[in-house]
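>>> What follows is a predicted structure for the sequence shown.
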Amino acid sequence: MAFADEEAAPSSTPTPAAPAKTKAIEKCSTSSKYPCVSTSNVKNLDLYLPPWTYDASQYNSIEVLARIKGALMTDPTCQILPSDNDQDAKYYLKAQVKRSDLFWTIDEVEFLVDDENQVVFFRSLATSSDVNDFGANKKRLEDIRKKAGIFGVMGQSLNTADSVSNAERGYGPLGQLKAFYGLQSGAGFEDVLAE
């Protein structure tokens, strides 16, 4: 038995370091006129969507990306872009999708899977037109989430402003403002408090 003031013997087998992830989902620029939506734009409601959650006991990052790829490939104008390296391919996916607006705008969509926290971060950005997309990027991401069939929305079970629900909750500005000022109903916390 070792005591606190005794030094522990060094381990003979080194612990392998986890590979460093080099990718991150960037924020949408607030000064850009290109339509964009991202999980990283928490403070800008017009450019924000909540991250997706999944059950890591049933799906690993490769399976999660396969579900996203499958959902993306239902769109015939989608092209999956090659990954920079093999390590990125395990948790990162990038694609281009043509939007059938007047200008055939090309949108770039990227996904980053965080296996440790069971979350998918994403961004969708118009790369070839500064014309308003009238919510097309948000709608596309919501369609991909639903088609994949395994994702929830972060905060959904807590009925927070990030969750998809009815009336003033959800993605709308009123629900987000209520969350910011602490005016949510608090519904959904009963289970947590009861334990």
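Yep, that arrived.

>>> from here on, contacts and neighbour counts on C-alpha atoms
OK.

>>> How about residue 90, nearest residue that isn't a chain neighbour?
Sequence neighbours aside, residue 62 is the residue nearest to residue 90 in space, at 5.6 Å (criterion: Cα to Cα, 6 or more residues apart in numbering).

>>> Hmm, residue 93 and that neighbour touching each other?
No: the criterion here is Cα atoms under 8 Å, and residue 62 misses it with residue 93 at 10.3 Å.

>>> neighbour count winner among these two?
A direct count of neighbours by other Cα atoms under 10 Å for residue 62 and residue 93 places residue 93 higher, at 21 against 15.

>>> how much space is there between the more buried one and residue 131?
Distance, residue 93 to residue 131, using Cα to Cα, to the nearest Å: 25 Å.

>>> Could you list the low-confidence segments of the chain?
Along the chain, segments meeting pLDDT under 70 span 1-22, 101-102, 129-130, 156-195.

>>> Walking through it, point out its helices one by one.
With DSSP state H, the ranges of helices along the chain come out as 61-72, 86-89, 136-148, 173-180, 190-194.

>>> Also compute the angle for the longest one relative to helix 61-72, please.
Right, helix 136-148. Counting by axes from the mean of the first three to the mean of the last three Cα atoms, to 10 degrees, helix 136-148 lies at 120 degrees to helix 61-72.

>>> Mind giving me the packing neighbours of helix 136-148?
With contacts defined as 3 or more Cα pairs under 8 Å, 6 or more residues apart in numbering; DSSP states H and E, the packing partners of helix 136-148 are strand 36-38, helix 61-72, strand 119-126.

>>> most neighbours per residue, which of those?
Of all the helices and strands packed on helix 136-148, strand 36-38 carries the top mean neighbour count, a mean of 28, counting by mean count of other Cα atoms under 10 Å.

>>> for residue 94, which residues make a bridge with it?
Residue 94 has the following beta-bridge partners by DSSP bridges: residue 81, residue 110.
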